[in-house]
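In: take this sequence and fold it.
(one chain, ligands or ions: 1)
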Amino acid sequence: MRPTGRLHLGHLLGALPNWVRLQDEYECFYCVADLHALTTRFDNVESMQRDGIEMVADWIAAGIDPERSVVFRQSDVKEHSELALLLGMLVPISWLTRVPSYKELVGELGDRIATYGFLGYPVLQTADIILYKASRVPVGEDQLSHLELAREIPRRFNGLYGEVFPEPQAILTETPRLAGLDGRKMSKSYGNTIDIAEDPESVRKKVMSMFTDPARQRLKDPGHPDRCNVFAYHGFFEAPREELDEIDTACRRAAIGCTDCKQRLAARIEARLAPIRERRQQLLDEPGRIEEILAAGRGKAQEVAKTVLEEACRAIGI
Ligand code: SF4
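Out: Predicted structure coming up:
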């Protein structure tokens, strides 16, 4: 995950629970992808690294266990860069220019982002995966084209130099479609998110500002919970079935106001966030704790990465 800073409710209900579950089944490697972030944040590296620390605090507070999983920073393990360079020698440019997100982002952000490094993003991403001979990668549907490359590239390597890398398979993870507070796609850039670490008062204020059923202008107007984002959030935050039914009926009969309904939601979200916020604060209050975790992760990651890179170099003949 790129070091984007504090994570939000979309992560809390999306990628993170899957990551936490995977720890029971697999040996997992979770990487702060700071080299990837350099493609867009090359002018603000100090704040990017602070964001990485905040993000790792969120991961651990949400249940990633650095004793069971390897949690590390990409740039700390130089083998990522070296393997990406070697893979770059055998990846045709046409494979990279056809990746849909490349054209989309260059169109959106302009030539500033159209660097050699950005074009090669999927090559570095492939190195991140195959450097650990990963068999599985948890991805969302939007990342499937990247993963396809992460299979084609080792296939080509193995064809040229002999079987070294397995082709990683996707673990397609179902994630709830949590909209932003205003009903649009949830995105920090829209300012429609709630951070995992957000303080209770701010959580309350944001929930009270959420968009509801647009047809419900006045208290006496019957509502349509199926068109209301607040109602959807009650479900995502695991309101008991009876309570959902009760809100549904009361809303349709105009027997509950949106203010009451949102107050209940704010309390529900806060109950979920409070223990996570406390755990992350304990981590951050201990000076150097996250850096220690990353240093330990670096050691474990490097042990594997070094061996696999040596094997790749031997296969190439360098
Ligand atoms: Fe939405 Fe609740 Fe208002 Fe109904 S009462 S419109 S579910 S916020």
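In: please count neighbours and contacts with C-alpha atoms only from this point.
Out: Will do.
In: and Lys220, what pLDDT?
Out: pLDDT for Lys220: 87.
In: measure it to Leu265 for me?
Out: For Lys220, the distance to Leu265 equals 21 Å [C-alpha to C-alpha, to the nearest Å].
In: quick one: which of those two has more around it?
Out: Leu265 (22 against 13; other C-alpha atoms under 10 Å).
In: list the contacts for the closest residue to Ala215 other than its chain neighbours?
Out: Distances taken as C-alpha to C-alpha, 6 or more residues apart in numbering put Gly223 closest to Ala215, at 6.9 Å, once the chain neighbours are dropped. Neighbouring residues of Gly223 by C-alpha atoms under 8 Å, 6 or more residues apart in numbering: 213, 215-216, 251-254.
In: nearest to Leu149 among those residues?
Out: Distance to Leu149, by C-alpha to C-alpha, is smallest for Asp213 among these, at 42.3 Å.
In: neighbours around the closest one, how many?
Out: Number of residues near Asp213 (other C-alpha under 10 Å) recorded here: 17.
In: number the residues from 14 up from this point.
Out: All set: I'll call the first residue 14, so the last point we hit is now Asp226.
In: that one - nearest residue in space that isn't next to it in sequence?
Out: Cys241 (4.6 Å).
In: hang on, isn't the one you found packed against Met223?
Out: No: Cys241 is beyond contact range of Met223, at 9.7 Å (criterion: C-alpha atoms under 8 Å).
In: measure the residue located most distally from the centre of the chain to Ser200 for me?
Out: When each C-alpha in the chain is compared with the mean C-alpha position (C-alpha atoms, centre = their mean), Lys233 comes out farthest, at 41.1 Å. Look at Lys233 and Ser200: by C-alpha to C-alpha, they are 33 Å apart.
In: where do the helices of the stretch 164-313 of the chain begin and end?
Out: Listed in chain order, the helices found in the stretch 164-313 of the chain under DSSP state H, counting those that start in this stretch are 213-221, 242-249, 254-265, 271-298, 302-329.
In: get me the contact residues on the stretch 114-263 of the chain for the ligand.
Out: Within reach of the ligand by C-alpha under 6 Å from any ligand atom, the stretch 114-263 of the chain has these residues: 225-226, 236-238, 241, 243-244.
In: from Ser222, how far out is the closest residue to Glu180 other than its chain neighbours?
Out: Closest residue to Glu180 apart from its sequence neighbours, by C-alpha to C-alpha, 6+ apart: Arg164 at 4.9 Å. According to C-alpha to C-alpha, Arg164 and Ser222 sit 45 Å apart.
In: okay, the two: which has more neighbours?
Out: Neighbours per residue, other C-alpha under 10 Å: of Arg164 and Ser222, the larger number sits with Arg164, 19 against 13.
In: how far out from the middle of the chain is stretch 55-68?
Out: In terms of C-alpha atoms, centre = their mean, to the nearest Å, the centre of stretch 55-68 is found 16 Å from the chain centre.
In: quick one: residues in contact with that stretch.
Out: By C-alpha under 8 Å, 6+ apart, the residues outside stretch 55-68 that reach it are 15-20, 45, 47, 50-51, 54, 303-304.
In: swap in stretch 252-264?
Out: Contacts for stretch 252-264 (C-alpha under 8 Å, 6+ apart): 235-238, 244, 247-248, 269-270, 274, 281.
In: ok, so of these, who is nearest Ile143?
Out: Using C-alpha to C-alpha, the contacts of stretch 252-264 come closest to Ile143 at Gly248, 37.9 Å.
In: that older thread, pretty sure the residue nearest to Glu180 contacts Ala183?
Out: No: the pair Arg164 / Ala183 is not scored as a contact, 10.0 Å apart, by C-alpha under 8 Å.
In: in the stretch 14-163 of the chain, what residue is nearest the ligand?
Out: Leu22 (18.4 Å; C-alpha to the nearest ligand atom).
In: got it, and the chain?
Out: Nearest to the ligand, among the residues of the chain, is Cys271, at 3.5 Å (C-alpha to the nearest ligand atom).
In: sweet, I'm off.
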